[in-house]
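Colleague: sharing a model prediction with you, sequence too.
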Amino acid sequence: MAELRVLPARDAGWQAVDAVFQAEASARNCWCQFHVLSNRDAARSSRDTRRALLAEQIDILDPPRGLVALDRDEAVGWCGVEPRVRLHHVLASRLVRQHSPYDASDGQVWSVYCILVPPRYRRRGIGTDLLHAAIEHALAGGAEALEGYPIDTAARGGVLPPGFSTGTVGMFVDEGFHAGAALPSGRTLVHRSARADESGGRERLP
């Protein structure tokens, strides 16, 4: 997709963000709040309040959250990427705390926790481009390490779940991530440092 651009959501504008989420049924319910809100706050929220929260987060957070993929002027994908300390649901996970190599309070660890491409735009490499851009965005924002929680397609027999929006383990491994531990629903905790190896690629954690 020669015309594909990936921009910070604030630069792409709310109209572009809204268009991506309105194009996928599960996204219209979540509004990228599943990993962000605590269980208590999530239970108190509604679809409408979660949508308003995303708009507010994009407007006020620094460093900004989220990237949007644009094909010419059409919004075709979203990636949730930001410092992990903001992700209350992620940090409440016993498995993440137990198996992540990074301390929960480390603000230089960023998470790539959502890669959303609406069904009609899939199989064009947009998710891969979003992940690559998310890594560059995190490193530019001062990240020393990155985490993700993608689907292990092998563990699911190649079948992706409804509302799939995490990326796959293979995508992350291709970008230098190391698979650390199995998570519920066929997901895997993956992580990588920000340091480059001598060959010019990114260092994989042991």
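Modeller: Thanks, I have the structure now. Numbering: from 1, shown residues only.
Colleague: which other residues reach stretch 134-141?
Modeller: 8, 63, 67, 79, 81, 83, 110, 112, 115, 146, 175, 194, 202 (Cβ atoms under 8 Å, 6 or more residues apart in numbering). C-betas here are computed from N, CA, C, even on glycine.
Colleague: any buried residues in that stretch, and which?
Modeller: 134-135, 137-138, 141 (16 or more other Cβ atoms under 10 Å).
Colleague: would TSV of these with secondary structure be doable?
Modeller: Below are the buried residues of stretch 134-141 laid out as TSV (DSSP: H, G, I helix; E, B strand; the rest coil):
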residue	secondary structure
134	helix
135	helix
137	helix
138	helix
141	coil
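Colleague: strands of this protein, residue ranges please.
Modeller: 4-8, 67-71, 74-83, 109-116, 145-148, 178-182, 188-193 (DSSP state E).
Colleague: now the terminal residues of stretch 54-67, how far apart.
Modeller: With Cα to Cα, to the nearest Å as the measure, the ends of stretch 54-67 fall 12 Å from one another.
Colleague: any idea how far that stretch is from the chain center?
Modeller: 13 Å (Cα atoms, centre = their mean, to the nearest Å).
Colleague: tell me the buried residues in that stretch?
Modeller: Going by neighbour count (16+ other Cβ under 10 Å), the buried part of stretch 54-67 is 54, 57-58, 63-67.
Colleague: deepest-packed of the strands of the chain, please.
Modeller: strand 109-116 (a mean of 26; mean count of other Cβ atoms under 10 Å).
Colleague: and the contacts of it?
Modeller: With contact meaning Cβ under 8 Å, 6+ apart, strand 109-116 is reached by 20-21, 24, 27, 32, 35, 77-85, 87, 90, 100, 102, 127, 130-131, 134-135, 138, 141, 143-150, 165-167, 171-172.
Colleague: before we move on, the earlier item: now the strands of the chain in CSV, with distance to residue 48 and mean pLDDT?
Modeller: Output for those, formatted as CSV (distance: least, Cβ to Cβ, whole Å; pLDDT from 0 to 100):
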stretch, distance to residue 48, mean pLDDT
strand 4-8, 25, 95
strand 67-71, 21, 96
strand 74-83, 19, 96
strand 109-116, 19, 96
strand 145-148, 29, 96
strand 178-182, 35, 89
strand 188-193, 32, 94
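Colleague: any chance of TSV for those strands, columns distance to residue 43?
Modeller: Output for those, formatted as TSV (distance: least, Cβ to Cβ, whole Å):
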stretch	distance to residue 43
strand 4-8	30
strand 67-71	28
strand 74-83	20
strand 109-116	20
strand 145-148	25
strand 178-182	26
strand 188-193	25
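Colleague: for residue 122, find the nearest of these.
Modeller: Between residue 122 and the strands of the chain, the tightest spacing by Cβ to Cβ is seen for strand 74-83, at 9.3 Å.
Colleague: any idea how far that closest one is from the chain center?
Modeller: Using Cα atoms, centre = their mean, the offset of strand 74-83 from its chain centre is 7 Å.
Colleague: parallel or antiparallel, which strands does that strand pair with?
Modeller: In the sheet, strand 74-83 lines up against strand 67-71 (antiparallel), strand 109-116 (antiparallel) (DSSP bridges).
Colleague: turn the ones you listed into a markdown table, including distance to residue 45.
Modeller: Formatted as a markdown table, the strands paired with strand 74-83 follow (distance: least, Cβ to Cβ, whole Å):
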| stretch | distance to residue 45 |
| --- | --- |
| strand 67-71 | 23 |
| strand 109-116 | 17 |
